[in-house]
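Engineer: Predicted model and sequence follow; I will ask about them next.
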Amino acid sequence: MDKCGWRESISTSNIKAKYASDFQSDRFTSKFSNPQPKNRGHHLQRAHGDKMKSLIIESISFGADDLSEFHPEINDNFFVSFDVIISTKDGHMSSFYQATFCTVNWLTSELKNINSLFLSRVIVVDFFDAELIKDEIKSIVNKINSYELSTKESFRSLSKFLTWEFDDLI
């Protein structure tokens, strides 16, 4: 187990043992049979006692400013990343993310100067509205909570939508 209480569901020695027992069974009489363990995945499973914990948004900010204090120079033409801290309801675990938003006008103006634009984990809106941005981030967190994943899987799943502090470590 690592310090977060997670363990791999199948170790390499278990897989080898499973293959060996399959070869010895009557199921594999042909020399061309390819035994497959029933549970081959390297997925993470919850360690004993770990329960799924709902995630909540602790804060959304732009540098030192809270989201409610931020205002772009041009309300309908911007590209900005907000710092988001998401934690478990009990506050025992938290992670840092960045939520990136841009407008259709910003995309249009960027595409005038270049032929293509690669965007990943960017949410496109018509104009800046702090409540809309907060609601979009909440809906992402609520969607992940609805899957009833383990806490670690929930934090990892958020990285499909938001940039996560551990993205380069996965």
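Structural biologist: Received, thanks. Numbers count the residues shown, from 1 in each chain.

Engineer: For N77, give me its contacts.
Structural biologist: Going by Cβ atoms under 8 Å, 6 or more residues apart in numbering, N77 touches T103, N105, W106, S109. Backbone N, C-alpha and C define where each C-beta goes, glycine included.

Engineer: From the residues you listed, which land in helices?
Structural biologist: Judged by DSSP state H, helices contain the following of the contacts of N77: N105, W106, S109.

Engineer: Just the buried ones from the contacts of N77, in ChimeraX syntax?
Structural biologist: The buried residues among the contacts of N77 can be selected in ChimeraX (16 or more other Cβ atoms under 10 Å) with this line:
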select :103,106
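
Engineer: now the contacts of N77 as CSV including distance to I137 and pLDDT?
Structural biologist: Formatted as CSV, those follow (distance: Cβ to Cβ, whole Å; pLDDT from 0 to 100):
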residue, distance to I137, pLDDT
T103, 17, 97
N105, 21, 96
W106, 19, 95
S109, 25, 93
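
Engineer: now the strands: where do they sit in the chain?
Structural biologist: For the chain, applying DSSP state E gives strands covering 7-8, 44-45, 55-62, 65-66, 79-88, 94-103, 122-125, 163-164.

Engineer: Put together a markdown table for those strands, with distance to K138 on each row.
Structural biologist: As requested, the strands of the chain are exported to a markdown table (distance: least, Cβ to Cβ, whole Å):
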| stretch | distance to K138 |
| --- | --- |
| strand 7-8 | 32 |
| strand 44-45 | 26 |
| strand 55-62 | 6 |
| strand 65-66 | 16 |
| strand 79-88 | 10 |
| strand 94-103 | 11 |
| strand 122-125 | 12 |
| strand 163-164 | 17 |
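
Engineer: thought F101 was touching I133?
Structural biologist: Yes: taking contacts as Cβ atoms under 8 Å, F101 lies within contact range of I133: 6.0 Å.

Engineer: Quick check: neighbours shared by the two?
Structural biologist: Common neighbours of F101 and I133 (Cβ under 8 Å, 6+ apart) are F82, V125.

Engineer: where do the helices sit along the chain?
Structural biologist: Taking DSSP H to define them, one finds helices in the chain at 12-24, 104-113, 130-146, 151-158.
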